[in-house]
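Enquirer: Have a look at this fold, sequence not included:
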């Protein structure tokens, strides 16, 4: 097993140079699929950079600062189970499975699909694209045709009509075209503000009533 002292962020690259490895952000035990998936991904990148073996991966993830709050309390309970022989966690894959069982909601995809059905563009196109993309991360099985349909359905009517006019064929094309629409709308708004600022005020020259009265009396 490699020395755990190296897991605090330093690694010898084999050429006598000490390489600084970014520290993964700790996992507090939030029941949030994205947060857990990001934590697991960051830990695996850290393990790869540190070249840790399987035993060191489990020890590093569980003993150091990478589990805190509810996640740390959960690990204390699991560790007691391991000591008593009621549970076995011998590898990083075992630990990942246990973490997902405890903290990843089973109906993540169901909730994402439900929220996708309700999603409507209420602000900018760019905000809508961002919200749509975030939900799609939790939806693993959806046809390309259905993705495109759902994306178009949530757009404001004018944007939906424009994308249909352009004949987008898939979600990637639709998102790219939608981003261009956002840029065009933003540019138009900027140009209108610029024209308003630069356009001189128009004045209509009208003789005063006193002047007209004077001329009429002559």
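Expert: Great, that's in hand. Model, not experiment: these values are computed from the prediction.
Enquirer: Tell me how the protein divides into domains.
Expert: 4-103, 108-197 (automatic domain parsing).
Enquirer: Nearest the geometric middle of this protein, what residue?
Expert: With distances taken as CA atoms, centre = their mean, the residue of the chain nearest its centroid is residue 134 (5.4 Å).
Enquirer: Could you measure from the nearest residue to it once chain neighbours are set aside over to residue 88?
Expert: Spatially, and ignoring its direct neighbours in sequence, residue 134 is nearest to residue 34 (7.8 Å; CB to CB, 6 or more residues apart in numbering). For every residue, glycine as well, the C-beta is placed using N, CA and C. Computed as CB to CB, to the nearest Å, the residue 34 to residue 88 distance reads 29 Å.
Enquirer: Have a look at those two and say which one is more surrounded.
Expert: Remark: of residue 34 and residue 88, residue 34 carries more neighbours, 12 against 9, as counted by other CB atoms under 10 Å.
Enquirer: Now do the helices in this structure.
Expert: Using DSSP state H, the helices of the chain run over 33-50, 54-63, 69-83, 92-103, 108-118, 125-136, 144-154, 157-166, 171-198, 209-217.
Enquirer: Flag whichever of those helices has the least confidence on average.
Expert: Least confidently modelled of the helices of the chain is helix 209-217, at a mean of 49 by mean pLDDT.
Enquirer: what's around residue 65, how many residues?
Expert: 11.
Enquirer: dump the residue contacts of it.
Expert: Listed by CB atoms under 8 Å, 6 or more residues apart in numbering, the contact set of residue 65 reads residue 26.
Enquirer: per-residue pLDDT, it?
Expert: pLDDT, residue 65: 78.
Enquirer: Quick check: it vs residue 28, distance?
Expert: From residue 65 to residue 28 the distance is 11 Å (CB to CB).
Enquirer: again, but for residue 42
Expert: 14 Å.
Enquirer: cool, and residue 99?
Expert: Distance from residue 99 to residue 28, by CB to CB: 12 Å.
Enquirer: Which residues are in contact with each of those two?
Expert: residue 71.
Enquirer: would you turn the helices of the chain into JSON lines with distance to residue 22?
Expert: Conversion of those to JSON lines gives the following (distance: least, CB to CB, whole Å):
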{"stretch": "helix 33-50", "distance to residue 22": "8"}
{"stretch": "helix 54-63", "distance to residue 22": "14"}
{"stretch": "helix 69-83", "distance to residue 22": "20"}
{"stretch": "helix 92-103", "distance to residue 22": "19"}
{"stretch": "helix 108-118", "distance to residue 22": "27"}
{"stretch": "helix 125-136", "distance to residue 22": "24"}
{"stretch": "helix 144-154", "distance to residue 22": "34"}
{"stretch": "helix 157-166", "distance to residue 22": "39"}
{"stretch": "helix 171-198", "distance to residue 22": "30"}
{"stretch": "helix 209-217", "distance to residue 22": "78"}
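Enquirer: Go through the ones you listed and name the closest to residue 24.
Expert: Closest approach to residue 24 among these (CB to CB): helix 33-50, 3.9 Å.
Enquirer: helices or strands next to the closest one in the packing?
Expert: helix 54-63, helix 92-103 (3 or more CB pairs under 8 Å, 6 or more residues apart in numbering; DSSP states H and E).
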